[in-house]
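Undergrad: here's a sequence, model it:
(one chain, ligands or ions: 1)
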Amino acid sequence: MNLNTKTAHELHKLLQSKEISAVELAENIFSQIDKTETEIGAYLTITKDNALKTAKAVDEKISRGEKISALEGIPCAVKDNICTQGIKTTCASKILENFIPPYNATAWQKLQAENPVLIGKTNLDEFAMGGSTENSAYHVTKNPHDLNRVPGGSSGGSAAAVAGGEAIFALGSDTGGSIRQPASFCGVVGLKPTYGRVSRYGLVAYGSSLDQIGPITRDVADCATVLNEIAGFDEMDSTSVNTELPDFTKALVADVKNLKIGLPKEYFIKGIDSEVENSVRNAAKIFENLGAEIVEISLPHTEYAISTYYLIAPAEAATNLERYDGVSYGERVDGVDVVEMMTNTRTEKFGEEVKRRILIGNYALSAGYYDAYYLKALKVRTLIQKDFTDAFKTIDLILAPTAPTPAFKLGEMTSDPLKMYLQDVFTVPLNLAGLPGISIPCAMTQNNLPIGFQLIGKALDEMTILKAAYTFEQNN
Ligand code: GLN
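TA: Numbering: from 1, shown residues only. Predicted coordinates for the structure are as follows:
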């Protein structure tokens with residue numbers, strides 16, 4: 001049986017009924033890794049011994065006749081910017097090459113309590129800065145659908161692992177699209193929860209007012225199950241939201257009648273790939289046939305989202321990355337005095353893109369430029385937020401492309417950072433607004449590349465997003 005392409009909920013049934021064992025399932029994943037990992041490069045660290053130990057313990061529990069939880073024994077992968085106690089967490093950076101966190105990120109701590117089988121830590125763009133996973137200091141990750149193409153980024157390793165049968169589900173992080181865009185490029189489901197829904201404690205900070213951890217899965221049902229386990233208030237993250245949590249699996253009802261879905265006209269612009277545009281418009285028709293009402297809406301400040309994001313995110317990144325000074329965290333490169341030591345450390349151990357962001361961020365924050373750049377960006381952020389608030393007065397959800405194109409070729413954009421940044425045009429607005437969004441697969445291009453679309457919801461309304469996504473999935 002081909003276990004490594006099944007969903008967590010299918011595998012859960014097979015495990016509980018003893019048709020398969022957790023060790024067999026883990027071994028199935030590792031044999032896929034043996035076959036494809038040298039090409040795909042989804043992982044930075046593989047934790048095989050621990051994985052088999054966990055799987056064995058789950059099997060013992062089943063053989064004692066005990067019930068297992070939904071994710072127990074299910075192979076998963078975790079992005080390497082999420083702290084895992086005792087397991088290297090490098091952020092794909094040389095500066096954290098040997099960093100072994102002494103604690104768990106809350107999201108992983110909660111998930112781990114469910115006993116999934118951790119297969120390993122996945123590759124990313126260094127410190128999650130990028131959209132192709134080509135900025136990793138270790139190796140590039142390739143798209144399992146076409147090895148000449150990128151898997152997207154920055155959670156490219158997580159998306160490629162799930163798409164390539166090297167994990168059943170994964171955790172990613174999304175600051176400006178890093179869960180949704182790779183999910184779209186790799187033909188899997190990726191959810192960025194509402195800002196504050198999932199604790200950021202132990203997620204290595206990139207843009208603290210934007211970052212969120214979320215699930216990357218094979219289908220919407222698994223996405224709801226994983227979200228159930230990682231969401232919730234955490235006193236270690238003062239920005240996490242303290243409200244009652246719904247059971248997200250209750251959203252798995254195929255019904256979009258009475259839902260009003262908006263198509264933002266600013267998201268169907270010149271430059272968007274025609275196959276992407278057609279499949280998103282087709283998705284709108286499918287929703288309409290299923291009983292939803294589709295209306296055109298306007299989010300007038302969309303065109304400023306990229307410039308706003310690329311000031312705020314680097315400004316926060318420059319501040320967050322100050323801690324890598326060769327003293328408190330990470331690697332050190334010696335020098336004759338402390339200033340030279342810090343300079344050498346940061347010059348040698350940070351990659352090009354990270355340095356570019358530090359420069360942009362510190363420039364935007366410096367006296368004399370602060371008002372013109374950073375403060376201005378904050379004001380525009382408010383306008384972008386207001387666009388969504390106004391739109392959501394009359395609609396329930398927004399339907400839009402996830403990315404303007406399907407997966408692009410390896411190396412195609414590395415020499416032109418601006419071109420790479422423009423890829424984020426449809427994903428960054430909701431990070432700026434703090435809203436939840438899912439990307440789900442909707443079609444394949446003529447070249448057999450996956451296309452995804454995005455459903456954006458009101459703050460804390462992941463339920464409606466999951467319900468509509470589930471309905472589409474059941475009817476596509
Ligand atoms: N591509 C965007 C960036 O480089 C988003 C990255 C992310 O969401 N972590 O900032």
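Undergrad: lowest-pLDDT helix or strand in this structure?
TA: Lowest on mean pLDDT, DSSP states H and E among the helices and strands of the chain sits helix 417-422, with a mean of 94.
Undergrad: helices and strands around that helix, which ones?
TA: With contacts taken as 3 or more C-beta pairs under 8 Å, 6 or more residues apart in numbering; DSSP states H and E, helix 417-422 sits against helix 305-320. From N, CA and C alone the C-beta is placed, and that goes for glycine too.
Undergrad: where does the prediction get shaky in the protein?
TA: Scanning the chain for pLDDT under 70 picks out no residues.
Undergrad: after the longest helix anywhere in it, which helix or strand is next?
TA: If you go by DSSP state H, the chain has its longest helix at helix 22-40. Past helix 22-40, heading to the C-terminal end, the next element that is a helix or strand (DSSP states H and E) is strand 43-46.
Undergrad: list of residues touching the next helix or strand after that next one?
TA: Sequence-wise, the next helix or strand downstream of strand 43-46 (DSSP H and E) is helix 48-63. Here helix 48-63 makes contact (C-beta atoms under 8 Å, 6 or more residues apart in numbering) with 15-16, 18, 21-23, 25-27, 30, 68, 72-73, 75, 87, 115-120.
Undergrad: send the alpha carbons of helix 48-63 over as CSV?
TA: Only the C-alpha atoms of helix 48-63 are listed here, as CSV (Å, rounded to 0.1, in the frame of the first residue of the first chain):
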residue,chain,number,x,y,z
LYS,A,48,15.0,9.0,12.1
ASP,A,49,16.0,7.4,15.4
ASN,A,50,13.5,9.6,17.4
ALA,A,51,10.9,9.0,14.7
LEU,A,52,11.1,5.3,15.0
LYS,A,53,11.1,5.4,18.8
THR,A,54,7.9,7.5,18.8
ALA,A,55,6.3,5.2,16.2
LYS,A,56,7.1,2.2,18.3
ALA,A,57,5.5,3.7,21.4
VAL,A,58,2.4,4.5,19.4
ASP,A,59,2.2,0.9,18.2
GLU,A,60,2.5,-0.3,21.8
LYS,A,61,-0.3,2.0,22.8
ILE,A,62,-2.5,0.6,20.0
SER,A,63,-1.6,-3.0,20.8
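Undergrad: interface residues of the stretch 201-350 of the chain facing the ligand?
TA: Y206, A313 (C-beta under 6 Å from any ligand atom).
Undergrad: if we can go back for a sec, okay, angle between the longest helix of the chain and helix 48-63 too, please.
TA: With axes from the mean of the first three to the mean of the last three C-alpha atoms, to 10 degrees applied, the angle from helix 22-40 to helix 48-63 works out at 150 degrees.
Undergrad: so S240: helix, strand or coil?
TA: coil (DSSP: H, G, I helix; E, B strand; the rest coil).
Undergrad: that older thread, for the least confident helix or strand of the chain, buried residues please.
TA: Burial within helix 417-422, assessed by neighbour count using 16 or more other C-beta atoms under 10 Å, is assigned to M420, Y421.
Undergrad: quick one: is it near the ligand?
TA: No - Helix 417-422 does not reach the ligand (C-beta under 6 Å from any ligand atom); its nearest approach is 7.0 Å.
Undergrad: show residues contacting that helix.
TA: For helix 417-422, contacts defined as C-beta under 8 Å, 6+ apart pick out G130, G131, S132, I306, Y310, E353, R356, P404, M413, T414.
Undergrad: please apply the same query to stretch 95-113.
TA: By C-beta under 8 Å, 6+ apart, stretch 95-113 touches 71, 76, 78, 82-90, 118, 171, 198-199, 201-204, 213, 226, 229-230, 232, 234, 236-237, 324, 329-331, 345-346, 349-350.
Undergrad: now it, how far from the centre of its chain.
TA: 17 Å (C-alpha atoms, centre = their mean, to the nearest Å).
Undergrad: first-to-last residue distance for it?
TA: One end of stretch 95-113 to the other measures 30 Å (C-alpha to C-alpha, to the nearest Å).
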